[in-house]
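**Q** Build me a model:
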Amino acid sequence: MNYGIGWDVDHDLNYDLRKPALFVPLLGTGGLGPPRRSWKNFSPVLGIAWSPVPKTVIRAGAGLYYEPLTSPALDAERATLGPPGLGRQT
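**A** As a prediction, the model looks like this:
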């Protein structure tokens, strides 16, 4: 058996942009601020290896993983939420 812990930083979010007032019905007045960085993305992992006969190994593993956001979607968010003329939006 083996075990471990991973750590990931969510570095691809727009931490400087607030949401517009039209999102108040969905997010409430407290949800309009920019997202906060999360420094608590710890991921436990667990694995096992078993050798039933010589020269044969069966391995299995599981863990909790955080999927990073991709930058193209964030560029569209920045163009939408930023001031006019900040970027091109389709």
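
**Q** Show me the longest strand that occurs in this protein.
**A** strand 42-50 (DSSP state E).

**Q** Pairing partners for the helix or strand following that one, with directions?
**A** Going down the chain from strand 42-50, the next helix or strand is strand 58-63, by DSSP states H and E. Strand 58-63 has the following sheet partners, assigned by DSSP bridges: strand 42-50 (antiparallel).

**Q** Residue 61 contacts residue 47, correct?
**A** Yes: the pair residue 61 and residue 47 passes the contact test of C-beta atoms under 8 Å, sitting 3.8 Å apart. For the C-beta atoms, the positions are set from N, CA and C on the backbone; glycine is no exception.

**Q** Now residue 64: closest residue in space, sequence neighbours ignored.
**A** residue 43 (4.8 Å; C-beta to C-beta, 6 or more residues apart in numbering).

**Q** pLDDT score for the one you found?
**A** We have a pLDDT of 87 for residue 43.

**Q** Could you list which residues are in contact with it?
**A** Counting by C-beta atoms under 8 Å, 6 or more residues apart in numbering, residue 43 touches 5, 6, 7, 8, 63, 64, 65, 66.

**Q** redo that, cut-off 10 Å
**A** 4, 5, 6, 7, 8, 63, 64, 65, 66 (C-beta atoms under 10 Å, 6 or more residues apart in numbering).

**Q** Leaving out chain neighbours, which residue sits closest to the fourth one?
**A** If the residues on either side of it in the chain are set aside, residue 7 comes closest to residue 42, at 5.6 Å by C-beta to C-beta, 6+ apart.

**Q** Residue 20 versus that neighbour, what's the distance?
**A** Separation of residue 42 from residue 20 (C-beta to C-beta, to the nearest Å): 33 Å.

**Q** in what helix or strand does residue 77 lie?
**A** helix 71-81.

**Q** Go over the secondary structure and confirm residue 30 is in a helix.
**A** Yes: under DSSP: H, G, I helix; E, B strand; the rest coil, residue 30 falls within a helix.
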